[in-house]
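Colleague: Predicted model and sequence follow; I will ask about them next.
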Amino acid sequence: MRVLLLYLLSGCNLAFPLSPAPTDGSPPTDGPIGSVECPAFGTAPRYGSELFTRAPSCFEYTEDLTGHGLASCGGSFAEIPLDDAPISIPIFKDSLQTQYRQPRLAPEGGQIFTLVRDDATGLFTIQTSVKSGTEWGTPSLVTAPNEPQLLTAVLGIGTPTTGPRPRMMINTSDGIHEVEVNGLDMRTVETYGFDDLGFMFIQTPNLTSDGLRAVGQGVGESEQPIFYLERESLDVPFETAVRIEGAPISNDVFMTSNCARLYAASAGKVLFARQL
């Protein structure tokens with residue numbers, strides 16, 4: 001029950017203060033493409049206290065390697081161009097029967113993974129859509145044929161890595177599963193209990209495009225810090241999470257693959273801090 005309650009709380013942005021106030025207007029030209037790099041393994045990235053607005057009236061933001069973004073905006077998903085207003089994607093608009101949540105854009109662009117809630121049953125599924133030209137295709141169901149119980153209690157999904165067999169994190173009732181996706185099938189390659197990473201509960205971590213780093217929000221007895229995970233190879237699991245001190249506190253965080261920006265959603269906006 002505690003896990004389900006925490007997931008319901010994660011559906012909206014919790015009322016944590018983000019200080020100082022965000023800077024509106026033209027964002028800095030620091031990335032994600034450029035000379036900024038992640039720190040050496042063993043050192044967590046650090047971010048400045050100044051926050052910049054990426055997209056108003058949006059949340060659940062992710063982006064591809066070119067800086068083209070995707071977010072939930074006004075009851076539907078929307079593409080977030082580098083220097084333009086959000087562009088709604090009609091195929092992902094909520095209806096009386098279906099709710100689309102947690103849009104996750106593939107690093108290469110052109111593919112979306114999403115969590116879909118069936119209002120009639122209250123259950124969630126994972127679906128994916130591929131872009132052809134300027135149009136997104138009808139979402140297809142992702143299954144786990146060799147693990148029939150894996151997708152019966154999905155609570156959240158994270159960003160995919162680059163293909164051809166991307167990895168991603170999914171939250172289930174028994175912890176975090178790191179999965180590999182092959183077409184429309186997925187299989188577990190590693191599992192993490194929430195306490196394995198040092199928390200009572202974890203909002204689904206978002207992986208970087210290479211799968212070697214991840215960020216998310218942990219839930220403890222009296223705090224909800226932003227945490228950072230790293231590993232030097234996909235052949236080994238992540239270990240204890242490290243807190244990112246001074247990070248903007250939000251249950252919806254995303255870090256660019258070069259660690260240049262840490263995105264967070266609060267007060268109806270997608271904001272970001274720059275790496276120091």
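Modeller: On my side now, so go ahead. Numbers count the residues shown, from 1 in each chain.
Colleague: which regions of the chain sit below the pLDDT cut-off?
Modeller: Low-confidence segments of the chain (pLDDT under 70): 1-35, 222.
Colleague: Now do the helices in it.
Modeller: Using DSSP state H, the helices of the chain run over 2-10.
Colleague: residue with max distance from the center of it?
Modeller: Centroid-distance maximum for the chain: residue 120 at 26.0 Å, with C-alpha atoms, centre = their mean.
Colleague: Distance of the residue lying closest to that residue once chain neighbours are set aside relative to residue 139?
Modeller: Leaving aside its sequence neighbours, residue 120 sits nearest to residue 97 (C-beta to C-beta, 6 or more residues apart in numbering; 6.4 Å). Just so you know, the C-beta spots here come from the backbone N, C-alpha and C atoms, and that holds for glycine as well. Distance, residue 97 to residue 139, by C-beta to C-beta, to the nearest Å: 14 Å.
Colleague: okay, the two: which has more neighbours?
Modeller: Set side by side, residue 97 and residue 139 show unequal neighbour counts under other C-beta atoms under 10 Å, the larger going to residue 139 at 20 against 9.
Colleague: surely that one meets residue 116?
Modeller: Yes: under the contact definition of C-beta atoms under 8 Å, residue 139 touches residue 116, with a separation of 7.1 Å.
Colleague: Report the set of residues contacting both of those two.
Modeller: residue 127 (C-beta atoms under 8 Å, 6 or more residues apart in numbering).
Colleague: one step back: tell me the contacts of the residue nearest to residue 120?
Modeller: 118, 119, 120.
Colleague: Pipe these into a markdown table and attach distance to residue 49 per row.
Modeller: Listed next are the contacts of residue 97 as a markdown table, based on distance: C-beta to C-beta, whole Å:
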| residue | distance to residue 49 |
| --- | --- |
| 118 | 42 |
| 119 | 41 |
| 120 | 45 |
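Colleague: Tell me the one among those nearest to residue 236.
Modeller: Distances from residue 236 to the contacts of residue 97, taken as C-beta to C-beta, are shortest for residue 118 (36.7 Å).
Colleague: State the distance from that closest one to residue 154.
Modeller: On the measure of C-beta to C-beta, residue 118 and residue 154 end up 12 Å apart.
Colleague: of these two, who's got more company?
Modeller: Between residue 118 and residue 154, counting by other C-beta under 10 Å, residue 154 is the more crowded of the two (21 against 12).
Colleague: who's that one bridged to?
Modeller: residue 172 (DSSP bridges).
Colleague: tell me the contacts of it?
Modeller: Neighbouring residues of residue 154 by C-beta under 8 Å, 6+ apart: 115, 124, 125, 126, 170, 171, 172.
Colleague: Widest-spaced pair of those residues?
Modeller: Considering C-beta to C-beta, no two members of the contacts of residue 154 lie farther apart than 125 and 171, which are separated by 13.9 Å.
Colleague: Compare these two and say which is more crowded by neighbours.
Modeller: For residue 125 versus residue 171, the count of surrounding residues by other C-beta under 10 Å is larger for residue 171: 27 against 17.
Colleague: Just to check, residue 254 is in contact with residue 215?
Modeller: Yes: with contact taken as C-beta under 8 Å, residue 254 and residue 215 are classed as touching, separated by 7.2 Å.
Colleague: shared neighbours, those two?
Modeller: In the contact map built from C-beta under 8 Å, 6+ apart, the residues linked to both residue 254 and residue 215 are 206, 262.
Colleague: can you count the residues close to residue 49?
Modeller: Per other C-beta under 10 Å, the neighbour tally for residue 49 reads 12.
Colleague: I'd assumed residue 247 was in contact with it.
Modeller: No: because the distance of 9.9 Å does not satisfy C-beta under 8 Å, residue 49 is recorded as not touching residue 247.
Colleague: what is in contact with these two at once?
Modeller: Contact criterion C-beta under 8 Å, 6+ apart; residues bridging residue 49 and residue 247 by contacting each: residue 273.
Colleague: Tell me the spacing between the residue lying closest to residue 232 once chain neighbours are set aside and residue 143.
Modeller: If the residues on either side of it in the chain are set aside, residue 232 comes closest to residue 41, at 5.6 Å by C-beta to C-beta, 6+ apart. To residue 143, residue 41 is 35 Å away according to C-beta to C-beta.
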